[in-house]
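Got a predicted structure here, sequence first:
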Amino acid sequence: MNEQLKSLIELQEIDSVILSIAEKIDALPKKLEKFKTPLKEATAAHQKAKTQLDTVSKNKKAKESELEEFQDKINKLKLRSKDVKTNKEYEAHLKEIEGFEKSKYKIEDDILTLMESLEAFTRELQNEDVKVKKADEEFKQQEKLLEDEKKTLYAEMETQKVKRKEFVVRIDGDLYEQYMNLLKKLEGPAVVRAKNEICLGCNTNIPPQLFNDIRKSENIFTCFYCKRFLYFIEPPSPPSDTRS
Ligand SMILES: [Zn+2]
């Protein structure tokens, strides 16, 4: 095979490897984002539990001051007991106190219920706390793994780039420029196989004479349509040919 063509094929192989490493590096942030989801969910659940706890705590405080108000009213009424003159007045007075006390008991009941909720939500918040910590640890672990993966990929990339330089010096300047222009323009391989009279880069038919020339591999030819460099590899002999 033409030495220049051979070097071009090898260069394309290295560039394809470099490209796939670059794609892997580019995909890393998205991968990390995926691992963030459980942490985000745990944090949201934690926030929800905290809001619930805050609301109950606020309600309890409101009820407690309400209780104080009623106790105050009752105390004041009781102080006025000695000023009551008639029996009828006294009866009404007692009824009034009773009414306030009933309300007071109701508030006390409410406070008890709120205290139970408060306990339950406190436990829930503690559970959510544990979950957030666990999710955070797991996320950090994944982050570390991806960081290591990134380092490995960059190291691999460097190795390939060094290797690439060795191949580049073997290729004629003009040819290399042509290759690079193609690579940029196509955003894909610039050196492709020709198979069954078809360019595997753009799937266009190759005229039989040109295909024969490509097959000989003595010179460098390009696809007349996509301009990619074309090369031919002899397909492996089918088993039927080896019978003799
Ligand atoms: Zn083509």
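Nice, I can see it. Residues are numbered from 1 along each chain as shown.

Which stretches in this structure count as strands?
In the chain, strands defined by DSSP state E lie at 191-195, 198-199, 221-222, 229-231, listed in chain order.

Could I have the CA atoms of the first one written out in PDB?
What that stands for is strand 191-195. In PDB, the C-alpha atoms belonging to strand 191-195 read as follows (Å, rounded to 0.1, in the frame of the first residue of the first chain):
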ATOM      1  CA  VAL A 191     -10.400   8.600   5.500                       C
ATOM      2  CA  VAL A 192     -12.900   6.000   4.700                       C
ATOM      3  CA  ARG A 193     -13.200   2.600   3.100                       C
ATOM      4  CA  ALA A 194     -14.300   1.900  -0.400                       C
ATOM      5  CA  LYS A 195     -16.400  -1.200  -0.600                       C
END
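
hmm, that strand touching the ion?
No. On the criterion C-beta under 5 Å from the ion, strand 191-195 is out of touch with the ion, staying 7.0 Å away. Just so you know, the C-beta spots here come from the backbone N, C-alpha and C atoms, and that holds for glycine as well.

packing partners for that strand?
Contacts defined by 3 or more C-beta pairs under 8 Å, 6 or more residues apart in numbering; DSSP states H and E place strand 191-195 against helix 3-79, helix 208-216, strand 229-231.

Mind listing what's buried along it?
V191, V192, R193, A194 (16 or more other C-beta atoms under 10 Å).

hang on, the earlier thing: can you check which of the helices and strands packed on strand 191-195 gets nearest to the ion?
Closest to the ion of those is strand 229-231 (C-beta to the ion; 7.4 Å).

Enumerate the residues of the protein near the ion.
Within the chain, the positions adjacent to the ion are C199, G201, C202, T204, C223, Y225, C226 by C-beta under 5 Å from the ion.

quick one: the residue most central in space within the chain and F139, what's the gap?
Nearest to the geometric centre of the chain sits E33, at 1.8 Å (C-alpha atoms, centre = their mean). Between E33 and F139 the computed distance is 11 Å (C-beta to C-beta, to the nearest Å).

quick one, domains of this protein?
Using automatic domain parsing, the domains assigned to the chain come out as 13-168, 173-237.

how far is the shortest one from where the chain is centred?
Relative to its chain's centre, domain 173-237 lies at 40 Å (C-alpha atoms, centre = their mean, to the nearest Å).

tell me the average confidence for that domain?
Across domain 173-237, the average pLDDT comes to 94.

Give the residue farthest from the middle of this protein.
Largest separation from the mean C-alpha position in the chain: T86, at 80.1 Å (C-alpha atoms, centre = their mean).
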